[in-house]
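[1] got a sequence here, can you build the structure:
(4 chains)
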There are 2 protein chains.
Amino acid sequence: MKGKDQGTEQKILEAARKVFVRKGFDGARMQEIADEAGINKALLHYYFRSKERLFQMIFEQAFAQFVPALGRILSRDVSLEEKVSAFIDQYIDLLMENPYLPSFILAEISRDPERLSELFLSTGLNPMERLATMEGQLKGTLSERADIRHFIINILAMCIFPIAARPLLQRMLFENDHQAFNLFLSERKEAVKTFTLAGMRALTIPAPEDKA
Amino acid sequence: MKGKDQGTEQKILEAARKVFVRKGFDGARMQEIADEAGINKALLHYYFRSKERLFQMIFEQAFAQFVPALGRILSRDVSLEEKVSAFIDQYIDLLMENPYLPSFILAEISRDPERLSELFLSTGLNPMERLATMEGQLKGTLSERADIRHFIINILAMCIFPIAARPLLQRMLFENDHQAFNLFLSERKEAVKTFTLAGMRALTIPAPEDKA
DNA sequence: GTCTATATGGCGATAGAC
DNA sequence: GTCTATCGCCATATAGAC
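    Coordinates of the predicted model:
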């Protein structure tokens, strides 16, 4: 079903994804993408008119993978602690399978934030709606001080940062032992959950009288 | 004392830093650096032989700013909670003044991890030593589950990530209001401290009998 | 040390045969 | 749809006058 007989267009997209995510827009070469796809450079321009347009496809796809995975997990109908727990497990797994994704997204949005405008307009994506679900659960649960946005960013940060900074952390803290770092990341799911839930509970205000 | 009469070399380094940190190695143009420094392109090659060598200077300097600030704060002789507190305050301030630093470092180390090897060799930098200080204070304070490395990475993550992902977060959570996000980052110092210390205390194992 | 002018190569993109 | 050949540009780097 897969393998050699995927259309040329698909082969190009896969190759482009590999190269762009690894090297960034400026570092990527059309020739390298062509080689990776096993086709000729001119075909790239036949299917996608320019490097810029090909990149846009890849970026949108990568972005969709990086961001709204969040929403899907958060809108499931379970308790808040379960949501947090599930999100951490799944998101760290996702990122371990796509180790270059975080630094790619972060670099590209820093260097050309305008891409985001186009993306938000074209997809009509509105993350605030998704957060509303969660917000409902949080109100009256966390104290005033624990702004929901801080809480969300804390979790995202603890999941994403170790992958984005992997080359540095692996070298500084693990004597560049690749396997040891993988083990560490697996442990990390539990560590982040424990840490987060502890912080959460400490900041919890027992719902005032609850029902009264 | 400063202003126009800093040597040409220094002017170049400043200009190069601005451009490289903003655009990355691949995106930077020698012409742009020359313009920024108010000199001619050929002079760049006179002072630094190649783009690669000029970049190395900038990268080392940026890296030194990004990383070992950690060590300086951590080795001060105060309680652990004070260290954590001081670190968060100062590090978030540092990053707010250098907003492009995180995504620059993260992108460059991902795309060419070999740079790190050279850096570690040339500076003889050994971050593990610095951590030893902290480790002493942590042993017997946090439970087994709270591996020190997880703890450190959590704090780094919560400080660095919101700056690195700023364009995204500002748009998604703050309707792209620059000022509102700055305010949020200031609040964030307290939020991260509260969250971290709460998590820390929750994981604290009361030193067994303390003195006995 | 600083400039202008130029060499040299590589890149994105297109023309045109099959 | 896919290829080969090539155009036109721009980037790094160097030569050489002042």
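[2] mind naming the longest helix for chain A?
    Of all the segments of type helix in chain A, defined by DSSP state H, the longest one is helix A:178-203.
[3] how about the residues of chain A near DNA strand D?
    For chain A, the contact set with DNA strand D under CB under 7 Å from any atom of the strand comprises A:8, A:39-43, A:46. In this view, the C-beta of every residue, glycine as well, is placed from N, C-alpha and C.
[4] circling back to that earlier point, check which residues of the longest helix of chain A are buried.
    Neighbour-count burial for helix A:178-203 flags A:181, A:184-185, A:188-189, A:191-200, A:202-203 (criterion: 16 or more other CB atoms under 10 Å in any protein chain shown).
[5] which strands or helices does the helix or strand in which residue A:88 is found pack on?
    Assigned by DSSP states H and E, residue A:88 belongs to helix A:80-97. Helices and strands touching helix A:80-97, by 3 or more CB pairs under 8 Å, 6 or more residues apart in numbering or on different chains; DSSP states H and E, are helix A:69-74, helix A:127-138, helix A:148-164, helix A:178-203.
[6] redo those as TSV? Include mean pLDDT and distance to DNA strand C.
    Shown next, in TSV, are the helices and strands packed on helix A:80-97 (pLDDT from 0 to 100; distance: least, CB to the nearest atom of the strand, whole Å):
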stretch	mean pLDDT	distance to DNA strand C
helix A:69-74	71	30
helix A:127-138	58	31
helix A:148-164	95	25
helix A:178-203	90	29
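[7] show me where pLDDT drops low in chain A?
    The model of chain A has pLDDT under 70 over residues A:1-5, A:68-70, A:123-146, A:204-212.
[8] middle-most residue in it, spatially?
    The residue lying closest to the centre of chain A (CA atoms, centre = their mean) is residue A:66, at 2.7 Å.
[9] just the buried positions in stretch A:82-90, please.
    In stretch A:82-90, counting by 16+ other CB under 10 Å, buried: A:83-85, A:87-90.
[10] name the nearest of those residues relative to DNA strand D.
    residue A:90 (36.4 Å; CB to the nearest atom of the strand).
[11] tell me the contacts of residue A:25?
    Residue A:25 makes contact with A:51, A:55, A:108, B:27, according to CB atoms under 8 Å, 6 or more residues apart in numbering or on different chains.
[12] the residue nearest to residue A:48 when sequence neighbours are not counted: helix or strand, and which one exactly?
    Excluding its sequence neighbours, the residue lying closest to residue A:48 (CB to CB, 6 or more residues apart in numbering or on different chains) is residue A:54, at 4.0 Å. Per DSSP H and E, residue A:54 falls inside helix A:51-66.
[13] tell me what that helix is packed against?
    If you count contacts as 3+ CB pairs under 8 Å, 6+ apart, helix A:51-66 packs onto helix A:8-27, helix A:101-111, helix A:114-123.
[14] quick one: the last one to helix A:101-111, angle?
    So the one you mean is helix A:114-123. 100 degrees (axes from the mean of the first three to the mean of the last three CA atoms, to 10 degrees).
[15] buried sites along the helix holding residue A:54?
    Residues of helix A:51-66 classed as buried under the neighbour-count rule (16+ other CB under 10 Å) are A:51, A:54-59, A:62-63, A:66.
[16] what lies in contact with it?
    Residues from elsewhere that reach helix A:51-66 (CB under 8 Å, 6+ apart): A:12-13, A:16-17, A:20-21, A:25, A:28, A:30, A:33, A:44, A:48, A:94, A:98, A:101-102, A:104-105, A:108, A:115, A:118-119, A:122-123.
[17] picking that back up, with respect to residue B:166, which of the helices and strands packed on helix A:80-97 lies nearest?
    When those are compared by CB to CB, helix A:148-164 sits nearest residue B:166, at 10.6 Å.
[18] which elements pack onto that closest one?
    Looks like helix A:148-164 contacts helix A:80-97, helix A:101-111, helix A:127-138, helix A:178-203, helix B:148-164, helix B:166-174, helix B:178-203 (3+ CB pairs under 8 Å, 6+ apart).
[19] mind running it again at 7 Å?
    helix A:80-97, helix A:101-111, helix A:178-203, helix B:148-164, helix B:178-203 (3 or more CB pairs under 7 Å, 6 or more residues apart in numbering or on different chains; DSSP states H and E).
[20] what does it rub up against?
    With contact meaning CB atoms under 7 Å, 6 or more residues apart in numbering or on different chains, helix A:148-164 is reached by A:84, A:87-88, A:91-92, A:95, A:99, A:102-103, A:106, A:135, A:138, A:142, A:169, A:185, A:188, A:192, A:196, B:106, B:153-154, B:156-158, B:160-162, B:169, B:173, B:184, B:188, B:191, B:195.
[21] stretch A:168-180 now?
    Under the criterion CB under 7 Å, 6+ apart, residues A:162, A:181, A:184, B:109, B:116, B:120, B:127, B:149, B:153 lie in contact with stretch A:168-180.
[22] what's the distance between the first one and residue A:95?
    According to CB to CB, to the nearest Å, residue A:162 and residue A:95 sit 9 Å apart.
[23] swap in the fifth one?
    Here the criterion is CB to CB. By it, residue B:116 lies 20 Å from residue A:95.
[24] so for these two, which residue has more residues nearby?
    Neighbour comparison, residue B:116 and residue A:95: the larger count goes to residue A:95, with 22 against 19 (by other CB atoms under 10 Å in any protein chain shown).
[25] contact partners for the more buried one?
    A:101-102, A:159-160, A:163 are the contacts of residue A:95 under CB under 7 Å, 6+ apart.
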